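Student: what follows is a predicted structure for the sequence shown.
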Amino acid sequence: MTKLYPLKFQPILQDKIWGGKKLSQIFNKNSNSQMLGESWEVSTVPGNVSIISNGVLKGVTLQSLLDDYKESLIGEKNYKRFGADFPLLIKFIDAKKDLSIQLHPDDELAKKRHNSFGKTEMWYVMQAEKGANLIVGFKDKIDRETYLNHLENKTLTSILNFDEVKEGSTYFIEAGRVHAIGAGVMLAEIQQTSDITYRVYDWDRVDKNGNERELHNDIAIDAFKFDLKDDFRVKYGDYPNASNEMVSCPFFTTNFLPIQGELTRNNTYDSFIIYMCVNGEVEIITEDFRETVSKGETILIPASVKDFNLISNDANLLEVYV
C-alpha cells in the first residue's frame with residue numbers, strides 16, 4: 001500500500017441563501033457564485049465526501065482511504081471508537097446575511113432519530129465586519145415554558161445573547177445550545193460529522209415565491225438543553241511555536257498554534273491531526289514529502305505520520321485532533 005503523507009482535499013463548495021463572495025475572493029475558492037456560504041474542507045457526509053487533491057493518492061475519496069487504511073489514517077483508539085466513520089467535519093463559512101436561529105441534537109438523540117452523530121461544534125472568527133455578531137445561548141437563564149412563550153409570541157430574539165465579535169473570537173457550542181452566525185462574519189468551524197440542523201426561527205424570510213424556509217420547532221424542543229452553563233466564550237493563549245489549548249471536549253481538541261520559524265512536531269495523540277491555516281502560509285515537511293498550506297486551506301496529517309516540521313515566517317494554525 002502507498003505510504004500515507006499529509007493530505008489536501010478538493011473543497012466542497014455549498015451555496016446558501018445567506019452566503020456571499022468572501023470565500024472565493026479572500027480564500028481563492030473556485031466559485032463565481034454570489035451566494036457561496038460554505039467550503040467543506042474535510043468531510044465524509046454522504047453525498048459530500050472529500051476527494052484528495054495532492055500526491056499519488058490524488059482522486060481517492062477520504063471514505064475509501066479510511067476503509068483501506070483504518071487506524072493508520074485515524075489512529076488506533078479512534079478506529080476502535082468510530083470504525084469506518086470519520087468523526088469530524090471541517091468548514092469555512094461566510095455569512096453575508098444572518099443565518100437562521102438553530103440548534104443541533106446530541107449523540108443520543110441524533111442516533112435515535114437520524115442514525116447519525118450529534119453535533120457539538122466550535123467557531124473561530126477569521127474576519128468580522130464592524131458591529132457583526134454571533135448569537136450564542138440566552139441573555140438570562142430560561143426554562144422550556146418561557147422559551148415556548150417567546151417563540152409563540154415572535155419575541156424569541158429579545159431573549160437571545162448577541163456578542164459582537166472580531167478576528168480571533170472563539171466560541172464552543174455544545175449540542176443543545178441555540179446559536180446563529182450573524183451577517184458579516186467569516187469563520188472556521190470544527191464539528192462532529194453531522195449535517196443535522198433544527199431551525200427554530202429564520203427572521204421571517206421568504207424566497208422569490210413567497211415561501212418561508214422550513215422550521216423544525218416540533219422536534220427541536222427535545223434537543224434544547226436549558227441547563228447549560230454560559231461557558232461558551234473561549235479564552236486561549238497565543239504563545240508562538242506552542243499548542244495553546246482552545247477547546248478540549250469528548251469529540252475533538254483544538255489548539256491555537258502560531259508558527260514563527262521552524263517547529264518540529266511529534267504526533268503523540270494516536271490520532272490524525274488537521275491543520276486549518278487561518279493566517280499566513282506554512283510549509284509542512286515529512287521525511288519524504290512536503291506541502292504548503294495557505295490562509296483558507298486545510299491539511300490532514302495521518303496518524304501514521306509521526307514526525308514532521310512546520311516552517312513559516314509568521315502563520316497561525318488551528319490544530320485539531322480527536
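Tutor: Received it, and whenever you're ready, just let me know what you need. Residues are numbered from 1 along each chain as shown.

Student: separation between the residue nearest to Gln192 when sequence neighbours are not counted and Lys111?
Tutor: Excluding its sequence neighbours, the residue lying closest to Gln192 (Cβ to Cβ, 6 or more residues apart in numbering) is Phe117, at 4.5 Å. No exception for glycine: its C-beta is placed from N, CA and C like everyone else's. Applying Cβ to Cβ, to the nearest Å, the value for Phe117 to Lys111 is 8 Å.

Student: swap in Leu88?
Tutor: Leu88 is 17 Å from Lys111, by Cβ to Cβ.

Student: what's the answer for Tyr198, then?
Tutor: From Tyr198 over to Lys111 (counting by Cβ to Cβ), the distance is 15 Å.

Student: look at the two and report which has more neighbours.
Tutor: Tyr198 (23 against 13; other Cβ atoms under 10 Å).

Student: state the pLDDT value of that one.
Tutor: What the model reports as pLDDT for Tyr198 is 98.

Student: isn't it right next to Leu109, touching?
Tutor: No: taking contacts as Cβ atoms under 8 Å, Tyr198 lies outside contact range of Leu109: 10.0 Å.

Student: pull up the overlap in contacts between these two.
Tutor: Counting by Cβ atoms under 8 Å, 6 or more residues apart in numbering, the residues touching both Tyr198 and Leu109 are Ala223.

Student: and this structure, what are its domains?
Tutor: 12-223, 244-321 (automatic domain parsing).

Student: first vs last residue of the last one, how far apart are they?
Tutor: Meaning domain 244-321. The first and last residues of domain 244-321 sit 13 Å apart, counting by Cα to Cα, to the nearest Å.

Student: swap in the longest one?
Tutor: For domain 12-223, the first and last residues are 28 Å from each other (Cα to Cα).

Student: what of stretch 302-313?
Tutor: Stretch 302-313: ends 25 Å apart by Cα to Cα.

Student: same thing with stretch 260-272?
Tutor: Stretch 260-272 end-to-end distance (Cα to Cα) = 23 Å.

Student: out of the domains of the chain, flag the one nearest Val234.
Tutor: domain 12-223 (3.9 Å; Cβ to Cβ).
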